[in-house]
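Enquirer: model the structure of this input:
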Amino acid sequence: DRVLTGPDLLQCGNRGTSRRPDLGQRVEGMARHEHHGRVEQLDEHGNDLFHVRAVDAERPARGEAHLVLLVGVARGREQGGNGRLGEDLHAAQARRRRASDARDAAGESLHELLPPTPFSAFFAGVDPACGPGGPFDPDVVYDELSGEFIMGADGDGTDYCIAATVGGDPLGTWNRAAFPADINGEFFDFPHMGVSHDAIYVGSNQFGAGFVGGRVFAVNKADLLAGDPLQVVQRLVPNFNSTPQPANLRGANDGTIPTSGPHYIMTEFFDGNNHSVWSWNDPFGADEFVLEGDVDLATASGLPCPGGACFPVPVPQAGSTVTLAGNDWRGQETKYRNGYLYTAQTVACDPGTGVVNCVRWAKIDPEAVTPGSSTDGVADAGIVTAADGVHRWFPSIDADRCSNMAVGYSVSSDSMFPGTAVTGRQNRDAPGTT
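Expert: Here you go, the predicted structure:
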């Protein structure tokens, strides 16, 4: 199993050993395989900050999107006299679910801080589009610079419903607002947020009689945090690019997070190969929206995709003839850490046992990309798969201050119930490997 450990990561180059309490085995740095069912995060002393255990998969529920707040309880361990007890870490996550009592793989009840709350109730009185039957496609980000949680949801394809905590407590007061996003009567779809020093950026796909293009909205962050009327500006992404993914910034605690300059946004050609990097500088002033360059992630990752050959396929699951949607190869999210963009998508590949969905990841230097599709600026890229018949899809990617990377994703097969898994790499591992 592949394990990320606090002391190892903070050394940024010295490989060490650590104990996996639940496996009872020693590993050197990070072992070379994905880990199913349990994720741990440790503080600088090696204490567990929180843990997440696999929750039994449930069939998608029809009905309203709900907000669920969960907490993972810390387990402190002494570390050479310099340890301390971990503290409960509140995690706010917006997701669609029906059950009010989630249970982990062992049948134990997880601690819900609040019962499921309909988004329409959470945003009551803000805007009719945020009311009953309106909200879908929820998203939550954490702003490391302000210490606030920011949550948004598509309001019936016409508006964006957005809220921010006051004082960083998701159980406390939220400033709530909404703004119109149906420019020229377009249908506003698949919004994703990224937060910067000056703005909250929201990327979307816009539809009229057909696909209009990707749009990016910049919301004045100071307005939302203060509860003031929102200043919002927007740009239609040129070149008919789709699925804008504004980067989420990391590195406030170690001083590497940008506090000035442009914000980076990734888009795609929707061909399974090519993606673009854009920058938006000072959207409320100079308003400079620039194409930095285009990258061919199919070539960079070593998985060619001629003629759309890597389009994701339906996913089987144990005990049922009903398949799960593999969706498509759109970017799932983008993170910015230590001067690099980290991104991941789902693609189909054949690891030798037949076609399955696989995870493609990439690490990109936004200052080194060039216009015209190439691998310029792609510092590293790879494919997460194995010859085991397991589908891996819907990835989420992140990196720490030492540029070690972790990727989480869904897993399923005809002999496996749907679940989650995680893999990763240290910054000096062989290129393209996890």
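
Enquirer: roughly how far is the helix or strand encompassing residue 189 from the heart of the chain?
Expert: Assigned by DSSP states H and E, residue 189 falls within strand 187-195. What separates the centre of strand 187-195 from the centre of its chain is 13 Å, taken as C-alpha atoms, centre = their mean, to the nearest Å.

Enquirer: with stretch 295-311 instead?
Expert: Its chain's average C-alpha position is 22 Å from that of stretch 295-311, according to C-alpha atoms, centre = their mean.

Enquirer: what about it, how long is it end to end?
Expert: The straight-line separation of the ends of stretch 295-311 (C-alpha to C-alpha, to the nearest Å) is 18 Å.

Enquirer: what is the mean pLDDT for that stretch?
Expert: For stretch 295-311, the mean pLDDT works out to 94.

Enquirer: returning to what we had before: in the strand holding residue 189, which residues are buried?
Expert: When neighbours are counted by 16 or more other C-beta atoms under 10 Å, the buried residues of strand 187-195 are found to be 187, 188, 189, 190, 191, 192, 193, 194, 195. Yep, even glycine has a C-beta here, placed from its N, CA and C like the rest.

Enquirer: so what does it touch, helix or strand wise?
Expert: In terms of contacts (3 or more C-beta pairs under 8 Å, 6 or more residues apart in numbering; DSSP states H and E), strand 187-195 is packed against strand 135-143, strand 148-155, strand 159-165, strand 199-207, strand 242-246, strand 248-249.

Enquirer: quick one, which of these is nearest to residue 382?
Expert: Closest approach to residue 382 among these (C-beta to C-beta): strand 242-246, 19.0 Å.

Enquirer: element containing the closest residue to residue 245 other than its chain neighbours?
Expert: Distances taken as C-beta to C-beta, 6 or more residues apart in numbering place residue 334 nearest to residue 245, at 4.3 Å, with adjacent residues excluded. The secondary structure element spanning residue 334 is strand 331-337 (assigned by DSSP H and E).

Enquirer: what residues does that strand touch?
Expert: Contacts to strand 331-337, defined as C-beta atoms under 8 Å, 6 or more residues apart in numbering, come from residues 192, 194, 243, 245-251, 256, 258, 264-268, 275, 341-346, 394-401, 403.

Enquirer: ok, back up a step: any chance of a markdown table for the helices and strands packed on strand 187-195, columns mean pLDDT?
Expert: What follows is these, written out as a markdown table (pLDDT from 0 to 100):
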| stretch | mean pLDDT |
| --- | --- |
| strand 135-143 | 95 |
| strand 148-155 | 97 |
| strand 159-165 | 98 |
| strand 199-207 | 97 |
| strand 242-246 | 96 |
| strand 248-249 | 96 |
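
Enquirer: residue contacts, residue 221?
Expert: 143, 146, 195, 196, 197, 198, 199, 200.

Enquirer: and which of those residues is nearest residue 120?
Expert: Distances from those to residue 120 were compared by C-beta to C-beta; the smallest belongs to residue 200, at 21.6 Å.

Enquirer: count of residues packed around the closest one?
Expert: The local packing count at residue 200 equals 27, with neighbours defined by other C-beta atoms under 10 Å.

Enquirer: how much space between it and residue 304?
Expert: Using C-beta to C-beta, to the nearest Å, one gets 37 Å for the distance from residue 200 to residue 304.

Enquirer: residue 221 too?
Expert: When distance is defined by C-beta to C-beta, residue 221 is 41 Å away from residue 304.

Enquirer: and residue 344, by the same measure?
Expert: Relative to residue 304, residue 344 is positioned 18 Å away (C-beta to C-beta).

Enquirer: who has more neighbours, these two?
Expert: residue 344 (24 against 14).

Enquirer: look up phi and psi at that one.
Expert: Backbone geometry at residue 344, expressed as degrees, to the nearest 10, gives phi -150, psi 150.

Enquirer: which residues does it contact?
Expert: Under the criterion of C-beta under 8 Å, 6+ apart, the contact partners of residue 344 comprise 331, 332, 333, 359, 360, 361, 362, 395, 396, 397, 407, 409.

Enquirer: tell me how many other residues crowd the second one.
Expert: I take that to be residue 332. 20.

Enquirer: now residue 129: phi and psi?
Expert: In this entry, residue 129 is assigned phi and psi values of phi -70, psi -20 (degrees, to the nearest 10).

Enquirer: so for it, what's the pLDDT?
Expert: What the model reports as pLDDT for residue 129 is 97.

Enquirer: is it correct that it is in contact with residue 161?
Expert: Yes. At 7.2 Å, residue 129 and residue 161 qualify as touching, with contact defined as C-beta atoms under 8 Å.

Enquirer: which residues are common contacts for these two?
Expert: Taking C-beta under 8 Å, 6+ apart as the contact definition, residue 129 and residue 161 share the neighbouring residues 155, 178.

Enquirer: so residue 298 belongs to a helix, correct?
Expert: Yes. According to DSSP: H, G, I helix; E, B strand; the rest coil, residue 298 belongs to a helix.

Enquirer: count of neighbours near it?
Expert: By other C-beta under 10 Å, neighbour count at residue 298 equals 24.
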